[in-house]
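> Here is a sequence with its predicted model. Questions after.
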Amino acid sequence: MTAGARIEHLVTSGKFTLDGGTWDVDNNVWVIGDDDEAVVIDAAHDAEAIAEVLGERTLRAIVCTHAHNDHIDAAPELAARTGAPILLHSDDLPLWKQTHPDRMPDGELSHGQILAVAGVELTVLHTPGHAPGAVCLYAPALRALFSGDTLFAGGPGATGRSYSDFPTIVDSIRYRLLPLPDATVVHTGHGETTTVAAEAPHLQEWINRGF
């Protein structure tokens, strides 16, 4: 791990709402940085709790892995508190507008884009399927992948609702995530971490099951 850079984690709780349904959810929020600056991946539910973890550090960006409401509901408040820009892939703007019709993101994420913080580079990987603009963030210096809801411990993210597609998410995992080094730790949007090595053997099983 790069000297000074670290990964911090908190879990926030709230509601996920889509297609007329609402569910209670716990979300993983990831903070990557050092004692001076950081980025937040997925500002979920509780801007105050996230701000407490940040402390006096400069927040360089609020990165959205996708625009389901449970991953972005606290983003505008956190941006107002810190002055940090909200970054989202443009393909997820229709989902974003369902939650924040009067507040657009501040910048776009694109495949291959590099975000730098605390001496660490985070490479944006466009991984559609769970949502059209879903992205993952790969930090080779930290041996870490922040997968949002694209890949969990045990399988792909859900694809049974609007804006999602199972063959697309399988292709995203197959071609964008599984080629990463086996030791890469996958920090997910919900639940426990996993590794690329742990998930790779199950690809054909996911396909056969239509996971």
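That came through, no problem. Predicted, not measured: the structure shown is a model, and the values here were computed from it. Residues are numbered from 1 along each chain as shown.
> Low-confidence ranges, this protein, go.
The model of the chain has pLDDT under 70 over residues 1-3, 210-211.
> where along it do the helices fall?
47-54, 69-72, 75-82, 93-99, 166-172, 196-199, 203-209 (DSSP state H).
> most packed of these?
helix 69-72 (a mean of 26; mean count of other Cβ atoms under 10 Å). C-betas here are computed from N, CA, C, even on glycine.
> which other residues reach that one?
Residues outside helix 69-72 that contact it (Cβ atoms under 8 Å, 6 or more residues apart in numbering): 14-18, 25, 27, 42-45, 64-65, 86, 88, 96, 98-100, 148-149, 189.
> what residues are up against the residue nearest to D92 when sequence neighbours are not counted?
Excluding the flanking residues, the one nearest D92 by Cβ to Cβ, 6 or more residues apart in numbering is G133, at 3.0 Å. Counting by Cβ under 8 Å, 6+ apart, G133 makes contact with H66, A67, L88, H89, S90, D91, D92, L93, L95, L109, H126.
> try 10 Å this time
By Cβ atoms under 10 Å, 6 or more residues apart in numbering, the residues touching G133 are 64-67, 88-96, 108-109, 126-127, 163.
> For ChimeraX, what selects the buried ones among those residues?
Remark: buried members of the contacts of G133, expressed as a ChimeraX selection using 16 or more other Cβ atoms under 10 Å:
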select :64,65,66,67,88,89,91,92,95,96,109,126,127,163
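> Where strands are concerned, which of the contacts of G133 count?
L88, H89, E108, L109, H126 (DSSP state E).
> Now the nearest residue to the second one once chain neighbours are set aside. Its backbone dihedrals?
Right, the one you point to is H89. Excluding its sequence neighbours, the residue lying closest to H89 (Cβ to Cβ, 6+ apart) is G133, at 3.3 Å. Torsion angles at G133 (phi, psi; degrees, to the nearest 10) stand at phi -100, psi 20.
> Could you do D19 as well?
Torsion angles, degrees, to the nearest 10, at D19: phi 60, psi 30.
> Done for today, thanks.
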